[in-house]
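Asks: sequence first, then the predicted structure:
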Amino acid sequence: MIMVNRIFDLYDELEKQRIMLSFKGDLSPDLISAILNLVEQKLVVTEPEHRIRKRVFNVVMECLQNLYHHNRSGTITKPEPTALDERQGVVMIAHDSSGYSVLTGNYMAKAEVSELKERLDQVNGCAPDQLRDLYKSRLGDGTFTRSGGGGLGIIDIARKSGRKLEYGFVPMDNDNTFFSLNVNVTT
């Protein structure tokens with residue numbers, strides 16, 4: 001439990017990292033809408049350029065939808081699991097002079113890591129015009145991912161950010177991995 005005298009330390013660390021929004025928990029459609037409204041309000045204050053606000057907002061929306069649709073439910077295998085060990089997603093948005101970072105994390109099945117890594121590497125290997133073609137191709141091929149989507153989210157995030165996607169996988173136990181994604185949107 002965070003001690004009262006550690007609250008300032010937490011606040012100070014969030015300020016140093018330039019975190020303008022942080023959320024950890026289970027997402028619902030209503031909560032996603034509320035977070036998106038908050039992000040929109042904050043962007044109006046922090047970002048004068050409409051085009052940049054729109055790109056950041058779209059990246060945040062896609063990232064939240066990915067967290068909602070792809071977060072693995074259940075608990076981590078620990079000697080003494082608690083209710084706080086529920087697999088919850090995390091999203092943070094940071095802002096500094098170079099732009100915005102949208103950071104997300106969620107649990108996923110270890111067996112799905114290689115497929116996701118392959119898709120991320122494919123997207124990162126594409127130039128902007130290739131991303132557009134990949135998006136159109138995926139949109140028109142009629143195939144669906146395990147979660148029922150068309151697999152367009154990662155492509156769209158890369159298109160909107162204009163940058164390579166930074167990612168990592170942290171093994172948690174024999175069956176589970178924590179997936180982290182950092183999307184940078186430069187101003």
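Replies: The structure has been received and is ready for your questions. Numbers count the residues shown, from 1 in each chain.

Asks: which ones are touching Gln17?
Replies: Ala94 (C-beta atoms under 8 Å, 6 or more residues apart in numbering). In short, each C-beta sits where N, CA and C put it, glycine included.

Asks: what's the next secondary structure element after the lowest-mean-pLDDT helix or strand in the chain?
Replies: Lowest mean confidence among the helices and strands of the chain (mean pLDDT, DSSP states H and E): helix 128-141, at a mean of 89. As assigned by DSSP states H and E, the chain's next helix or strand after helix 128-141 is helix 153-161.

Asks: surely Met61 meets Leu36?
Replies: Yes. Met61 is within contact range of Leu36, at 5.9 Å (criterion: C-beta atoms under 8 Å).

Asks: these two: who's more crowded?
Replies: Under the criterion of other C-beta atoms under 10 Å, the comparison of Met61 against Leu36 puts Met61 first, with 20 against 14.

Asks: tell me which element that one is part of?
Replies: Short version, using DSSP H and E: Met61 is in helix 50-70.

Asks: that helix packs against which elements?
Replies: Under the contact criterion of 3 or more C-beta pairs under 8 Å, 6 or more residues apart in numbering; DSSP states H and E, helix 50-70 touches helix 29-46, strand 89-96, strand 99-109, helix 153-161, strand 176-186.

Asks: which parts of stretch 106-114 are buried?
Replies: Residues Asn106, Tyr107, Met108, Lys110 are the ones in stretch 106-114 that count as buried (16 or more other C-beta atoms under 10 Å).

Asks: which residues are contacting the helix holding Met61?
Replies: Helix 50-70 is contacted from outside by 27-29, 32, 35-36, 39-40, 43-44, 47, 89, 91, 93, 99-100, 102, 104, 106, 108, 147-149, 153-154, 156-157, 160-162, 181, 183, 185, 187, using C-beta under 8 Å, 6+ apart.

Asks: got the angle between that helix and helix 153-161?
Replies: Computed with axes from the mean of the first three to the mean of the last three C-alpha atoms, to 10 degrees, the direction of helix 50-70 lies at 170 degrees from that of helix 153-161.

Asks: could I have the CA atoms of helix 50-70 written out in PDB?
Replies: The C-alpha trace of helix 50-70 is given here as PDB (Å, rounded to 0.1, in the frame of the first residue of the first chain):
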ATOM      1  CA  HIS A  50      -5.600  20.800 -34.600                       C
ATOM      2  CA  ARG A  51      -3.800  18.300 -36.800                       C
ATOM      3  CA  ILE A  52      -1.500  17.100 -34.000                       C
ATOM      4  CA  ARG A  53      -4.500  16.900 -31.600                       C
ATOM      5  CA  LYS A  54      -6.400  14.700 -34.000                       C
ATOM      6  CA  ARG A  55      -3.400  12.400 -34.600                       C
ATOM      7  CA  VAL A  56      -2.800  12.000 -30.800                       C
ATOM      8  CA  PHE A  57      -6.500  11.500 -30.100                       C
ATOM      9  CA  ASN A  58      -6.700   8.800 -32.800                       C
ATOM     10  CA  VAL A  59      -3.600   7.000 -31.500                       C
ATOM     11  CA  VAL A  60      -5.000   7.000 -28.000                       C
ATOM     12  CA  MET A  61      -8.400   5.800 -29.200                       C
ATOM     13  CA  GLU A  62      -6.800   2.800 -31.100                       C
ATOM     14  CA  CYS A  63      -4.600   2.000 -28.100                       C
ATOM     15  CA  LEU A  64      -7.500   2.000 -25.700                       C
ATOM     16  CA  GLN A  65      -9.600  -0.200 -28.100                       C
ATOM     17  CA  ASN A  66      -6.600  -2.600 -28.300                       C
ATOM     18  CA  LEU A  67      -6.400  -2.700 -24.500                       C
ATOM     19  CA  TYR A  68     -10.200  -3.400 -24.300                       C
ATOM     20  CA  HIS A  69     -10.200  -6.100 -26.900                       C
ATOM     21  CA  HIS A  70      -6.900  -7.900 -26.200                       C
END
